[in-house]
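1. sequence isn't available, so here's the structure alone:
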């Protein structure tokens, strides 16, 4: 199985989070991009600040590798207006894919209208501009019932507001990889969580993000039906190695 075609190779730490300078962080982003070029990954997933520079770099290499970025990262609590503004800037910078963090805390609190509005408006912006859109639901913060509910709601909202041709370009995504968990609980994709998402997403696509540590794990996720895998260990996965740490 050519798992490289499913991989969104990811680096999302800020300089402060990584204890690096801005220059060192940019070097990391370029390293990620060069690995993507070497192994023909589907996409590089990076912070919005780097989208324009990396998009231009890939163009200079005549590469078709996509550039994705995260919106409202990583807590998801930014207002819908702020998320749309951030997404519009990324679109202007040439981004191919937008991975929004849904306001999962609002959903858990019962504010479904807020979550529906940001889903519909954020997806409309992406569809209007020909971009792939993914909605990160942060499964480590949710119960199984909440995973089912939010995935099912996204399917319904998509069916109510978008055409069937759009559905494969609208993803439900598992995780940011930044959610703090206790007692060794996974903070990324799990087989159990992905199964629930797949069972309730209808014709929407599913992305497993974080927690995919071996080539066997990646192949199992793909066989289950995920269309994309987000990982900071893409090189290890295609080199038939176990990921040592990270997302």
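-> Nice, thanks for sending it over. Since we're looking at a predicted model, the values are computed, not measured. Numbering: from 1, shown residues only.
2. tell me which residue is most central in the protein.
-> By C-alpha atoms, centre = their mean, the chain has its centre lying nearest to residue 99, at 4.8 Å.
3. any idea how far residue 145 is from residue 139?
-> To residue 139, residue 145 is 12 Å away according to C-beta to C-beta, to the nearest Å. From N, CA and C alone the C-beta is placed, and that goes for glycine too.
4. sorry, back to before: so the residue nearest to the residue nearest to the centre of the chain when sequence neighbours are not counted, which of the three states?
-> Leaving aside its sequence neighbours, residue 99 sits nearest to residue 134 (C-beta to C-beta, 6 or more residues apart in numbering; 4.4 Å). Here residue 134 is recorded as strand under DSSP: H, G, I helix; E, B strand; the rest coil.
5. okay, and the closest residue in space to residue 20 that isn't next to it in sequence sits in which element?
-> In space, and not counting its chain neighbours, residue 20 is closest to residue 28: 7.2 Å by C-beta to C-beta, 6+ apart. For residue 28, the host element (DSSP states H and E) is helix 22-39.
6. now do the helix or strand following that helix: which elements does it pack against?
-> For helix 22-39, the following helix or strand on the C-terminal side (DSSP H and E) is strand 43-46. Other helices and strands packing on strand 43-46, by 3 or more C-beta pairs under 8 Å, 6 or more residues apart in numbering; DSSP states H and E, are strand 7-11, helix 22-39, helix 51-60, strand 66-71, strand 97-101.
7. which one of those lies nearest to residue 210?
-> Closest of the helices and strands packed on strand 43-46 to residue 210 is strand 7-11, at 8.6 Å (criterion: C-beta to C-beta).
8. against which helices or strands is the closest one packed?
-> Using 3+ C-beta pairs under 8 Å, 6+ apart: strand 7-11 touches helix 22-39, strand 43-46, strand 205-209, strand 228-231, helix 234-238.
9. name the helices or strands packed onto the helix or strand just after that strand?
-> Next in sequence after strand 7-11, counting helices and strands by DSSP H and E, comes helix 15-18. With contacts taken as 3+ C-beta pairs under 8 Å, 6+ apart, helix 15-18 sits against helix 22-39.
10. buried sites along the helix it packs on?
-> Residues of helix 22-39 classed as buried: 25-26, 28-30, 32-33, 36, 39 (neighbour count, 16 or more other C-beta atoms under 10 Å).
11. ok, now stretch 105-118?
-> 106-108, 114-116, 118.
12. what is the end-to-end distance of it?
-> 13 Å (C-alpha to C-alpha, to the nearest Å).
13. what comes into contact with that stretch?
-> Contact with stretch 105-118 is made by 75-77, 80, 83, 100, 102-104, 141-142, 146, 149-150, 153, 157, as judged by C-beta atoms under 8 Å, 6 or more residues apart in numbering.
14. swap the cut-off to 6 Å and go again
-> 80, 103, 150, 157 (C-beta atoms under 6 Å, 6 or more residues apart in numbering).
15. from these, which is closest to residue 206?
-> residue 150 (12.7 Å).
16. quick check: that closest one is in a helix.
-> Yes: Residue 150 forms part of a helix when assessed by three-state DSSP.
17. contacts only, for it.
-> So residue 150 contacts 107, 137 (C-beta under 6 Å, 6+ apart).
18. measure the residue nearest to residue 5 when sequence neighbours are not counted to residue 30 for me?
-> Among residues not flanking residue 5 along the chain, residue 42 sits closest, at 5.7 Å (C-beta to C-beta, 6+ apart). Computed with C-beta to C-beta, the distance linking residue 42 and residue 30 is 18 Å.
19. now residue 114: how far from residue 69?
-> For residue 114, the distance to residue 69 - C-beta to C-beta - is 23 Å.
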